[in-house]
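J.: This is a predicted model, with the sequence first.
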Amino acid sequence: MNTLEVVLARRNRRAAWNKHAATLRDADKPKPSGPKPGKGNGRPLTHGHENAYWRHIKANEPACDECIEAHERAKEQQRIRHHERKAAG
């Protein structure tokens, strides 16, 4: 075996081990829970006026009053939850 063959064999062994070690490392990690197709943008799918508000916006039409009020209420609740979580630690 000449020097080049030795170097290539060592490199291939190292690459194979690194790939194997990476699969072992990734086995314990949870799978990423990104946006699912058809499920919106990672937000929970709610069937109320607060979700209908975004349907109005997406359709490029003015939102009705109930949708705007529900959206404002949802924003306020989210703001309160955010501050509660922040205060809790």
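T.: Thanks, I have the structure now.
J.: what about residue 67, how many neighbours?
T.: 20 (other Cβ atoms under 10 Å). All C-beta spots, glycine's among them, are computed from the backbone N, C-alpha and C.
J.: what's the average pLDDT for the helix or strand where residue 16 lies?
T.: In this assignment (DSSP states H and E), residue 16 forms part of helix 3-27. Taken as a whole, helix 3-27 has an average pLDDT of 83.
J.: just checking, next helix/strand downstream of it?
T.: In N-to-C order, the element after helix 3-27 by DSSP H and E is helix 49-58.
J.: which residues touch that next one?
T.: 45, 62-64, 66-71, 73-74 (Cβ atoms under 8 Å, 6 or more residues apart in numbering).
J.: could you flag which of those are buried?
T.: With burial judged by 16 or more other Cβ atoms under 10 Å, the buried subset of those is 63, 67, 70-71, 74.
J.: export these to TSV and tack on distance to residue 3, pLDDT and secondary structure?
T.: Below are those laid out as TSV (distance: Cβ to Cβ, whole Å; pLDDT from 0 to 100; DSSP: H, G, I helix; E, B strand; the rest coil):
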residue	distance to residue 3	pLDDT	secondary structure
63	72	83	coil
67	73	84	helix
70	73	85	helix
71	70	86	helix
74	68	87	helix
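J.: quick check, nearest of the residues you listed to residue 29?
T.: When the buried ones among the contacts of helix 49-58 are ranked by distance to residue 29 (Cβ to Cβ), residue 74 comes first, at 32.4 Å.
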